[in-house]
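K.L.:
What shape does this take:
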Amino acid sequence: MVEQIPCKDEVGGSSPLGGSILTVENMAKNSDAVSVGLTEHEMFVAATVGITRMLKVIKEGRNHTYGSTDKDNWQRHIEGAFGECAVAKYLKIFWMGGRFDKIGGPDVGIYEVRTADKEYKRLILHPEDKDDSLFIFVTGLHGKYRLRGWIQCSE
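P.N.:
Okay, the predicted model is just below:
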């Protein structure tokens, strides 16, 4: 389903991250990934977004998804929001936490963001992801992130 991920400017400027073509296989090893650090204030705002999302999950009694557990759900929501904040900062897009009131819709501007805590992890797309969605893959933890690449879901 996924073969190439445009990531830097050789793709004629169509990439949100600018640059070369990455494959899913070498994405985690890419030395061209963009590094983004969050300030204490940015982390505070993003953490509040993650907490708010988790409180909504609890209030609505929703089930954990994609391997989340009671043990790591708070961390996943907060770090996911940190990843979104890092993308917004790099792309210079105003971000106030994306989706508070509904599930669905892009996370940052027109982009969906997937965040993983370890460099070796991969971008995972799910069957219910919309074919026209653009996903940016971010790795990192505690305010230090690398924007690894992007892909359109239909690819």
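K.L.:
in the protein, which helix has the most residues?
P.N.:
Criterion DSSP state H: the longest helix present in the chain is helix 40-60.
K.L.:
Name the residues of that one that are buried.
P.N.:
Within helix 40-60, the residues that count as buried by 16 or more other Cβ atoms under 10 Å are 42, 43, 45, 46, 47, 49, 50, 53, 54, 57. Every C-beta, even on glycine, is put in place using the N, C-alpha and C of the backbone.
K.L.:
Quick check: chain neighbours aside, which residue is closest to the third one?
P.N.:
It stands for residue 45. Nearest in space to residue 45, with sequence neighbours left out and distances taken as Cβ to Cβ, 6 or more residues apart in numbering, is residue 85 at 7.0 Å.
K.L.:
returning to that earlier point: go ahead and name everything in contact with the longest helix of the chain.
P.N.:
Contacting residues not belonging to helix 40-60 are listed as 38, 73-74, 77-82, 84-85, 89, 96-100, 143 [Cβ atoms under 8 Å, 6 or more residues apart in numbering].
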